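Novice: predicted model and sequence below, questions to follow.
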There are 2 protein chains.
Amino acid sequence: MASRVPELTATPRAQEIISSARGLLEEEGYDGLTMRRLAERLGIRAPSLYKHLPDKQALETALIRIGFEEWMDAFEQAATSEAPLPALLAAYRAFARDYLHLYRLMTERPLDRERLGPGIEERAAAPFATATGGDPDLARALWAFAHGMTILELNERFPNNADIDAAWTRGAHALVQP
Amino acid sequence: MASRVPELTATPRAQEIISSARGLLEEEGYDGLTMRRLAERLGIRAPSLYKHLPDKQALETALIRIGFEEWMDAFEQAATSEAPLPALLAAYRAFARDYLHLYRLMTERPLDRERLGPGIEERAAAPFATATGGDPDLARALWAFAHGMTILELNERFPNNADIDAAWTRGAHALVQP
DNA sequence: GTCTATATCAAGATAGAC
DNA sequence: GTCTATCTTGATATAGAC
């Protein structure tokens, strides 16, 4: 039976390639993630990659899937901590800061559910539902706030003198006060 | 003296081209906005475009600048209405819905301040400051919420049965209650 | 597992004629 | 203002040898 989670059953070499691709993505951004540059980084030629991966889309899907696994690990842990909301928002900021281009890849276009499997957006959003005690509207509002803060900061939309920490705190308190 | 706002002094033909580009962008998305397709849409050949525009970047800059002018018109008007907050958020949703790909072009990457002129991010954010009575942290939190809701909805990150209107209302009330 | 050679496509842009 | 012809670059991907 064929696996639905390719990267988990990928050959060691394929895993090396995916891992290298992740580094390339973070260092060069999405436009820098090309098969040629990836091969160069690995010290081989681009066509050799196709012996390990069917195409570039499979590579991107693997990266996105790994991203969501780490996302869910980090956020589920935060959402079930003693102070779920500050922990969740801190984890959210940290994730986007540490995996900047992966975060973009994961959020800036619709998910390919055919390849990623069903229900991934629900699973990604679940930590927010947990942290807000199961209120789905509030969970969505909180997630939107976190995503918006993240992206607007990343895209340098706030003035240089803006107190971004204060905006995070202000929004978080307003959204989750008792 | 050279103008700092090229599209305002552009020749009529250049304005036609920019206008056509805007239609192409909305119909085909950012990847569809190529010089070849733009020329095709205008019934001419691609090289002819370069008699009217220096390069593609100038075209994108013109589109973004026009977008911000309409953005500011719509949001400033809303921010000074009788019920500024619902009006502003409604205008925000309407703008993104009506100019979907232009909204993405305007928000999904850092602004080119060299070309757009200084202070554009402050001017774009100003309506939120007005609507929140001048509290900058709250204004940023509210903008982040609006942007996050917009993008997550656009990218189909909410489940099919999600009540997106309710999430907007919930977040707006939480952020701007007295 | 990697290589060379190559196919295919499409992008932005320029030169110079009309 | 538009054209044809062309340059340059760089992307994904395949075939088949080693």
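Specialist: On my side now, so go ahead.
Novice: phi and psi next, for the spatially most central residue of chain A.
Specialist: Centrality entry for chain A: nearest residue to the mean C-alpha point is A:Y103, 3.8 Å, by C-alpha atoms, centre = their mean. Main-chain dihedrals, A:Y103, degrees, to the nearest 10: phi -60, psi -40.
Novice: so who does it touch?
Specialist: Going by C-beta atoms under 8 Å, 6 or more residues apart in numbering or on different chains, A:Y103 touches A:67, A:95-96, A:150. Every residue, glycine included, has its C-beta placed from N, CA and C.
Novice: between the residues you listed, which is closest to B:E156?
Specialist: Closest approach to B:E156 among the contacts of A:Y103 (C-beta to C-beta): A:G67, at 17.4 Å.
Novice: packing partners for the lengthiest helix in chain A?
Specialist: Ordering each helix of chain A by length in residues (DSSP state H) puts helix A:56-79 first. Using 3 or more C-beta pairs under 8 Å, 6 or more residues apart in numbering or on different chains; DSSP states H and E, the elements in contact with helix A:56-79 are helix A:6-9, helix A:12-28, helix A:84-98, helix A:100-107, helix A:113-116, helix A:120-131.
Novice: for DNA strand D, see how far away the nearest residue to A:A146 once chain neighbours are set aside is.
Specialist: Take A:A146 and drop its neighbours on the chain: the residue closest to it by C-beta to C-beta, 6 or more residues apart in numbering or on different chains is A:Y92, 4.9 Å away. Distance of A:Y92 to DNA strand D, given as C-beta to the nearest atom of the strand, to the nearest Å: 29 Å.
Novice: if I look at A:Y92, how far off is A:L154?
Specialist: Distance, A:Y92 to A:L154, using C-beta to C-beta, to the nearest Å: 13 Å.
Novice: ditto for A:A129
Specialist: 25 Å.
Novice: quick one: name the residues of chain A near DNA strand D.
Specialist: Taking C-beta under 7 Å from any atom of the strand as the measure of proximity, chain A contacts DNA strand D at A:33-37, A:46-47, A:50, A:55-57.
Novice: closest one of the residues you listed to A:L175?
Specialist: Minimum distance to A:L175 across these is 34.7 Å, recorded for A:L33 (C-beta to C-beta).
Novice: show me what contacts the residue nearest to the closest one when sequence neighbours are not counted?
Specialist: In this structure, A:L33 finds its nearest non-sequential neighbour in A:L25, 4.9 Å apart by C-beta to C-beta, 6+ apart. Residues counted as contacts of A:L25 (C-beta under 8 Å, 6+ apart) are A:32-33, A:63, A:101-102, A:105.
Novice: now A:D137
Specialist: The neighbourhood of A:D137, defined by C-beta under 8 Å, 6+ apart, consists of B:163, B:166-167, B:169-170.
Novice: for it, pull up the helix or strand it's in.
Specialist: For A:D137, the host element (DSSP states H and E) is helix A:136-154.
Novice: got the angle for that helix vs helix A:84-98?
Specialist: On the basis of axes from the mean of the first three to the mean of the last three C-alpha atoms, to 10 degrees, helix A:136-154 is oriented at 30 degrees to helix A:84-98.
Novice: quick check: buried residues in the helix or strand just after helix A:136-154?
Specialist: Downstream of helix A:136-154, the first helix or strand assigned by DSSP H and E is helix A:164-176. Residues of helix A:164-176 classed as buried by neighbour count (16 or more other C-beta atoms under 10 Å in any protein chain shown): A:167-168, A:170-172, A:174-176.
Novice: again with stretch A:145-157
Specialist: Neighbour-count burial for stretch A:145-157 flags A:145-155, A:157 (criterion: 16+ other C-beta under 10 Å).
Novice: where in chain A is pLDDT low?
Specialist: Along chain A, the parts satisfying pLDDT under 70 run over A:1-8, A:178.
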